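In: let's see this in three dimensions:
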Amino acid sequence: MRKGIVALAVLVGLTAVGCGDGSRGGVVITGTPPATPYAGPLDVPFKENADEGVHEAEEASGAAGRALECDGEIHEGSGGGRWSEGDGGSTPEEGLRAYFDIEQPEVPDSGYRVERKEDGRVLFSYDVDGRTKVAVVVAEDQPHRPGWGPDTAASCDPAELPASYTDSRYEIWTDRSGRRLPTTTVSSSAGPEHCDWESAHFLQTGRAMGGKQYARDPRGVLGDALLTSAYDGHAHLPADARDTGYRFKGWVLWLAVDKSTAYVRTPHGVEAWPETKGTVGCQ
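Out: As a prediction, the model looks like this:
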């Protein structure tokens, strides 16, 4: 069943770096079409600048969002955009390549197949285990968009993409059974080098866990102004701390009732990651 379920986007700090698989020659593949291709319209109204909110990704993704088969929420959706003569392609396949050149999305840039063609529009899908996780609709000669190029695009949560793609770009947490968790549930990332924060680490929990951001800052690069308390690399679990079940490699996340500190159990002990003062980002 194809889904268009959307929830309020949770800021994930600084999660993904770079885009694509680095192999542009295989952007479109051939093979057996999906058993149940998307049967809806390929020309669906969308908002070019959707307001932030619970329906933002859905409003901006048009037909591409409807073509997804996400296990959970739509992660990102986009539509519209303008380009000049020569930026678009002369074929639908070149229009898909133009999507990566123009939008530079954080999704795989190879392994797509044609799922539908209809009246000057073509739907390309990137499937995982037979289910569409990235969808791109390209269109020909639209206003302010000469040639073939992106009309709408949408993707599921990065956790639903193959590990071969996400391992070098995201830190995907799992539950106790090893099931990959959506980045809207829990996510983490190293601090950016261009702000000299690479020794720090950020962790974001979703709304169900309070929607808080925590930071590991062993070298004090963030400063007291950004943290509610000090980082402690040799902490003790408080009596009311409970295992959330969230795991990433050797880390296990524990939270106390007030959720003001993230306790991360490592193979070497317990670290106390303080909550940040608001969502901290680096410009």
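
In: what sits against K117?
Out: P92, L123 (Cβ atoms under 8 Å, 6 or more residues apart in numbering). No exception for glycine: its C-beta is placed from N, CA and C like everyone else's.

In: now do the SS call for it.
Out: At K117 the chain is in strand, as set by DSSP: H, G, I helix; E, B strand; the rest coil.

In: what's the host helix or strand of Y263 packed up against?
Out: In this structure, Y263 sits in strand 261-266 according to DSSP states H and E. Counting contacts by 3 or more Cβ pairs under 8 Å, 6 or more residues apart in numbering; DSSP states H and E, strand 261-266 packs against strand 201-205, strand 213-216, strand 251-255, strand 269-274.

In: please enumerate the helices of the stretch 151-283 of the chain.
Out: 163-166 (DSSP state H, counting those that start in this stretch).

In: tell me which residues form a beta bridge with L227?
Out: Beta-bridge pairing for L227 (DSSP bridges): T276.

In: neighbours of it, how many?
Out: When neighbours are defined as other Cβ atoms under 10 Å, L227 has 20 of them.

In: report pLDDT for it.
Out: On the pLDDT scale, L227 is placed at 96.

In: from P146, how far out is it?
Out: The gap separating L227 from P146 is 50 Å, by Cβ to Cβ, to the nearest Å.

In: the strand holding Y263 to strand 269-274, inter-axis angle?
Out: Angle of strand 261-266 versus strand 269-274, following axes from the mean of the first three to the mean of the last three Cα atoms, to 10 degrees, is 150 degrees.

In: how about the strands in the protein?
Out: Per DSSP state E, the chain carries strands over the ranges 74-79, 113-118, 121-128, 131-142, 145-156, 186-190, 201-205, 213-216, 242-248, 251-255, 261-266, 269-274.

In: the ones you listed: which one's closest to T91?
Out: Across those, T91 has its closest neighbour in strand 145-156 (6.2 Å, Cβ to Cβ).

In: which strands and helices sit next to the closest one?
Out: helix 56-67, strand 74-79, helix 92-103, strand 131-142.

In: can I see the domain layout of this protein?
Out: The chain breaks down into these domains under automatic domain parsing: 24-160, 171-274.

In: ok, the strand holding Y263: who's next to it in the sheet?
Out: Assessed with DSSP bridges, strand 261-266 is paired to strand 251-255 (antiparallel), strand 269-274 (antiparallel).
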